[in-house]
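Trainee: show me how the following folds:
(4 chains)
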Amino acid sequence: MIKVRFFAMLKGIAGTETKEYGITAPIKMENLKEIIKKDFPSLSQYIDSRSLLISVNQEFATKDTLIKDGDEVGILPPFSGG
Amino acid sequence: MIKVRFFAMLKGIAGTETKEYGITAPIKMENLKEIIKKDFPSLSQYIDSRSLLISVNQEFATKDTLIKDGDEVGILPPFSGG
Amino acid sequence: MSELVFIQREEFSVEDVIATVKAASKGIGAVAVFLGCARDFSKGEEITGLDFEHYPGMAENRLKDIRSRALGNFNIIEMAIAHRTGPIDIGEDIVLIAAASAHRNDAFMACEWAITELKRTTPIWKRETTKKGEVWVSENP
Amino acid sequence: MSELVFIQREEFSVEDVIATVKAASKGIGAVAVFLGCARDFSKGEEITGLDFEHYPGMAENRLKDIRSRALGNFNIIEMAIAHRTGPIDIGEDIVLIAAASAHRNDAFMACEWAITELKRTTPIWKRETTKKGEVWVSENP
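Mentor: Got it, this is the predicted structure:
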């Protein structure tokens, strides 16, 4: 099971804060993104945006990062703190 | 009468905080400096220093500033506030 | 005494955070502080309130990382970073960064770098309440 | 509430000075603060205390002039300047400059300019107490 967390505006657009996926083998970030886009079509434009950042276990990830069972994935829209 | 005020280290070297001079006509700053140097030989090197600033009535003065009866002259060693 | 890096809902005390930083060393001669506050307009729009969301755990770790890198890359003695989360009224403080050094240039440089880095790398999001409703801010100047 | 420009023997409250600056406008989004403190060494020499002398009247006027020029030349909303005079213990605050603006760059620029200008143009002198005795400081970095 991996846990995907949506933040800020994405939470509202997805209509949920979290979504869990059962996976049998580690998958690449880019594959997970395709799965999320299929589940949440309204998030597509945000997930494809160059300004989106993704974290795995609270560290910044790249498109090649492998996601394993038990990982927490954060879908992070552009920050606006400070 | 003009009142000359010494500050910080110059006060200690001059041995006084103030010195008054009676003048009959306005004099230029450079002339006043000569008078002070004659009165306080130990101040000479400080008064000739390029880093010395002089005020007249609490405004910065130049060597051409005219000093008149009633003026207050400040002999200001390099600042070290802040 | 405050911690050196924290995110909290309550207002923080600027005085306490500075005191915590100054307590690091008697060799501190300069503290540069950046204080970000909730202003009542944004891009010409009237703002009546703010609400911040952060990624708990990750946001705190990003702030700790900024502090560590500031201590490593600038000639500073200590740095504190505080950020609010949750609802914030106009005029209230949002973020505080205090950088302490022997000489002032180092403190200013580290403080300016840290607030820019915070905005760039810390998972915190701002929602503004305007007349048109509540709007998530998606750009960060 | 503090005044915006003052020189006093007593310790000042950083919190009060910032509050005074922030009270100028709800459009303030950034406050850059410089705090100068008494450190325990200077050019490798141990310092056990400081004593400041100022030219009463002229020093205050120079600080008011710095504030006016900062408000005229930078895109800031308000600025406060506080300086202590008389004896100061190690660790205590000496000087505080707070510059408030809508956006942070303007506040930082004005704050850095003002402290440099204060050191350059304000008739205030520092005497350090070292093991060798009391020494007037005649350079200002």
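
Trainee: contacts and neighbour counts: CA atoms only from here.
Mentor: Will do.

Trainee: for chain A, what spans make up the helices?
Mentor: Counting by DSSP state H, chain A has helices at residues A:9-14, A:29-39, A:44-47.

Trainee: closest to A:Thr62 out of these?
Mentor: Nearest of these to A:Thr62, taken as C-alpha to C-alpha: helix A:29-39 at 7.2 Å.

Trainee: so what touches the closest one?
Mentor: A:43-44, A:47, A:62-67 (C-alpha atoms under 8 Å, 6 or more residues apart in numbering or on different chains).

Trainee: again, but for stretch C:43-59
Mentor: A:7-8, A:58-59, A:81, C:38-41, C:84-90, C:122-131.

Trainee: the residue of chain A found nearest chain B: neighbouring residues, count only.
Mentor: Across chain A, the shortest distance to chain B (C-alpha to the nearest C-alpha) belongs to A:Gly82, at 28.9 Å. A count of nearby residues for A:Gly82, using other C-alpha atoms under 10 Å in any protein chain shown, gives 30.

Trainee: do C:Tyr55 as well
Mentor: 19.

Trainee: picking that back up, buried subset of the contacts of helix A:29-39, written for ChimeraX?
Mentor: Selection of buried members from those for ChimeraX, criterion 16 or more other C-alpha atoms under 10 Å in any protein chain shown:
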select /A:43,47,65,66,67
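
Trainee: reformat the contacts of helix A:29-39 as TSV; add distance to chain D and pLDDT.
Mentor: Formatted as TSV, the contacts of helix A:29-39 follow (distance: C-alpha to the nearest C-alpha, whole Å; pLDDT from 0 to 100):
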residue	distance to chain D	pLDDT
A:Leu43	32	97
A:Ser44	33	96
A:Ile47	30	95
A:Thr62	31	90
A:Lys63	34	84
A:Asp64	36	88
A:Thr65	36	94
A:Leu66	39	96
A:Ile67	39	97
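
Trainee: return the set of buried residues in the top helix by length along chain C.
Mentor: Using DSSP H to define each element, chain C has its longest helix at helix C:104-121. Buried residues in helix C:104-121, counting neighbours by 16+ other C-alpha under 10 Å, are found at C:104-112, C:114-115, C:117-121.

Trainee: so what's A:Ile27 bridging to?
Mentor: Under DSSP bridges, the beta-bridge partners of A:Ile27 are A:Ile67.

Trainee: just the buried residues of helix C:104-121 that are near chain B?
Mentor: Subset of the buried residues of helix C:104-121 in contact with chain B: empty, counting by C-alpha under 8 Å from any C-alpha of the partner chain.

Trainee: and the helices in chain C?
Mentor: Going by DSSP H, chain C shows helices at C:14-22, C:58-73, C:104-121.

Trainee: what average pLDDT does the shortest one get?
Mentor: If you average the pLDDT over helix C:14-22, you get 98.

Trainee: what residues sit buried inside it?
Mentor: For helix C:14-22, by 16+ other C-alpha under 10 Å, it's C:14, C:17-18, C:20-22.

Trainee: can you tell if that helix touches chain D?
Mentor: Yes - residues of helix C:14-22 contacting chain D under C-alpha under 8 Å from any C-alpha: C:14-15, C:22.

Trainee: redo those as JSON lines? Include distance to B:Leu32.
Mentor: Formatted as JSON lines, the residues of helix C:14-22 next to chain D follow (distance: C-alpha to C-alpha, whole Å):
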{"residue": "C:Val14", "distance to B:Leu32": "50"}
{"residue": "C:Glu15", "distance to B:Leu32": "49"}
{"residue": "C:Lys22", "distance to B:Leu32": "47"}
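
Trainee: turn those into CSV, columns for distance to chain B.
Mentor: Output for the residues of helix C:14-22 next to chain D, formatted as CSV (distance: C-alpha to the nearest C-alpha, whole Å):
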residue, distance to chain B
C:Val14, 21
C:Glu15, 20
C:Lys22, 17
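
Trainee: nearest to D:Ala70, of the residues you listed?
Mentor: C:Val14 (23.9 Å).

Trainee: so for that closest one, what's the nearest residue that isn't a sequence neighbour?
Mentor: Spatial nearest neighbour of C:Val14, excluding adjacent residues (C-alpha to C-alpha, 6 or more residues apart in numbering or on different chains): D:Glu15 at 6.5 Å.

Trainee: how much space separates the one you found from C:Ile90?
Mentor: 18 Å (C-alpha to C-alpha, to the nearest Å).

Trainee: can you check A:Val73 too?
Mentor: For A:Val73, the distance to C:Ile90 - C-alpha to C-alpha - is 33 Å.

Trainee: tell me who's in contact with the most centrally placed residue in chain C.
Mentor: Against the mean C-alpha coordinate of chain C, by C-alpha atoms, centre = their mean, the closest residue is C:Val95 at 3.1 Å. By C-alpha under 8 Å, 6+ apart, the contact set of C:Val95 is A:82, C:34-37, C:81-84.

Trainee: these: which ones sit near chain D?
Mentor: Answer for those near chain D (C-alpha under 8 Å from any C-alpha): C:34-37.

Trainee: which PyMOL command selects the buried ones in the residues you listed?
Mentor: To isolate the buried members of the ones next to chain D among the contacts of C:Val95 in PyMOL, using 16+ other C-alpha under 10 Å:
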select buried, chain C and resi 34+35+36+37
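
Trainee: shaky segments in chain A?
Mentor: Within chain A, no stretch has pLDDT under 70.

Trainee: show me what the residue nearest to C:Ala32 when sequence neighbours are not counted is bridged to.
Mentor: What sits nearest to C:Ala32 in space, not counting adjacent residues and going by C-alpha to C-alpha, 6+ apart, is D:Phe34, at 4.8 Å. Listed beta-bridge partners, D:Phe34: C:Ala32, D:Ile97 (assigned using DSSP bridges).

Trainee: do the same with C:Glu45
Mentor: Residues in beta-bridge contact with C:Glu45 (DSSP bridges): C:Ser42.

Trainee: what does C:Leu50 give?
Mentor: Applying DSSP bridges, one finds that C:Leu50 bridges with C:Ile88, C:Glu128.

Trainee: any idea how far the helix or strand bottoming out on mean pLDDT in chain C is from the chain center?
Mentor: Of all helical and strand segments in chain C, the minimum by mean pLDDT, DSSP states H and E falls on strand C:41-42, at a mean of 88. On the basis of C-alpha atoms, centre = their mean, to the nearest Å, strand C:41-42 is displaced by 19 Å from the centre of the chain it belongs to.

Trainee: what's that strand in contact with?
Mentor: With C-alpha under 8 Å, 6+ apart, strand C:41-42 has contacts from C:47, D:27.

Trainee: which bits of chain A sit near chain C?
Mentor: Residues of chain A lying close to chain C by C-alpha under 8 Å from any C-alpha are A:7-9, A:58-59, A:76-82.

Trainee: wait, which of the buried residues of helix C:14-22 is closest to chain A?
Mentor: Chain A lies nearest to C:Val14 out of the buried residues of helix C:14-22, by C-alpha to the nearest C-alpha, at 15.4 Å.

Trainee: contacting residues around that closest one?
Mentor: C:Val14 makes contact with C:96, D:14-15, according to C-alpha under 8 Å, 6+ apart.
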